[in-house]
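Q: what's the 3D shape of this:
(one chain, ligands or ions: 1)
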Amino acid sequence: MALVEISLVPPSTADDGAFVAYATDLVNRVYTDAEKGIWREDTDRTSPAELAGIVRAGQLAVARLDGQVVGAVRVQRLATGEGEFGMLVASPEHRGIGLGRRLVEFAERWARERDLATMQLELLVPQTWTHPVKDLLHHWYIRLGYRPVRVARLADDYPALAPLLATPCDFVVYHKPL
Ligand SMILES: CC(C)(COP(=O)(O)OP(=O)(O)OC[C@H]1O[C@@H](n2cnc3c(N)ncnc32)[C@H](O)[C@@H]1OP(=O)(O)O)[C@@H](O)C(=O)NCCC(=O)NCCS
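A: This next block holds a predicted model:
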């Protein structure tokens, strides 16, 4: 795919209010649509303060198409030693052209370069019904080499988020050896 560049955002960009607002809006816009039915109305995925913190920690990578930010992913090293990616988004106007795959490949390269042996991701899923977006993502992650290793109740591991849920949810932890 031509003219797409993926790179880590320099930590000092956390002070760039316009960038932080744009990236926050992209993540929230994408998740509002992708996680419809999972959260109570008006629940945002992130906030400018949280996103700025992620940038300042050197954990946000963005995809730029002709200079415009069209996708993002958060990468981090977990205290347990795995690499993890999350907050994976491609702008709705640029879907299905390989942005998602390129962002995941970037995250995996990032982890390999840090000698991390395992990549982790978490997928939030309703306990009692199949969410179509999550179902597609599950099959995509399997195609990319990820396997479920643990299922946990969101309310147990992230109690602060439980009151925001519109439906009881589990999260499934996936691992891929790198
Ligand atoms: C997940 C996401 C980043 C993927 O972005 P994308 O740019 O569409 O990704 P790609 O173009 O690389 O396509 C990803 C896969 O979906 C498939 N796909 C794309 N559009 C599709 C469609 N309309 N129907 C079915 N499959 C489709 C592609 O074939 C590809 O599979 P492959 O890599 O095996 O070929 C994007 O859908 C998104 O932002 N989703 C909402 C946020 C979200 O749920 N993030 C993940 C939370 S864990």
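Q: Of all residues in the chain, which one is closest to the ligand?
A: The ligand sits closest to residue 100 of the chain, with a gap of 2.5 Å, by CB to the nearest ligand atom. No exception for glycine: its C-beta is placed from N, CA and C like everyone else's.
Q: Check which helix or strand that residue maps to.
A: If you go by DSSP states H and E, residue 100 is part of helix 99-113.
Q: Wasn't residue 86 part of a helix?
A: No: using DSSP: H, G, I helix; E, B strand; the rest coil, the assignment for residue 86 is strand, not a helix.
Q: rewinding a little: what helices or strands is the helix holding residue 100 leaning on?
A: Contacts defined by 3 or more CB pairs under 8 Å, 6 or more residues apart in numbering; DSSP states H and E place helix 99-113 against strand 4-8, strand 60-65, strand 68-77, strand 83-90, strand 118-126.
Q: So which bits of that helix are buried?
A: 99-100, 102-104, 106-108, 110-111 (16 or more other CB atoms under 10 Å).
Q: could I get it in PDB with only the CA atoms?
A: Provided in PDB are the C-alpha atoms of helix 99-113 (Å, rounded to 0.1, in the frame of the first residue of the first chain):
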ATOM      1  CA  LEU A  99      -4.100  -0.400   7.600                       C
ATOM      2  CA  GLY A 100      -5.100  -2.800  10.500                       C
ATOM      3  CA  ARG A 101      -2.700  -5.500   9.400                       C
ATOM      4  CA  ARG A 102       0.200  -3.000   9.000                       C
ATOM      5  CA  LEU A 103      -0.500  -1.600  12.400                       C
ATOM      6  CA  VAL A 104      -0.400  -5.100  14.000                       C
ATOM      7  CA  GLU A 105       2.800  -5.900  12.100                       C
ATOM      8  CA  PHE A 106       4.300  -2.700  13.400                       C
ATOM      9  CA  ALA A 107       3.300  -3.600  17.000                       C
ATOM     10  CA  GLU A 108       4.800  -7.100  16.600                       C
ATOM     11  CA  ARG A 109       8.100  -5.700  15.100                       C
ATOM     12  CA  TRP A 110       8.200  -3.200  18.000                       C
ATOM     13  CA  ALA A 111       8.000  -6.100  20.500                       C
ATOM     14  CA  ARG A 112      10.600  -8.200  18.700                       C
ATOM     15  CA  GLU A 113      13.000  -5.400  18.600                       C
END
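Q: ok so, going back, list the contacts of the residue of the chain closest to the ligand.
A: Counting by CB atoms under 8 Å, 6 or more residues apart in numbering, residue 100 makes contact with 71, 88, 90, 140.
Q: Now rank the residues you listed by neighbours and give me the top one.
A: residue 71 (24 neighbours; other CB atoms under 10 Å).
Q: near the ligand, which residues of the chain show up?
A: For the chain, the residues in contact with the ligand (CB under 6 Å from any ligand atom) are 30-31, 34, 88-90, 95-101, 123, 133, 136-137, 140, 143.
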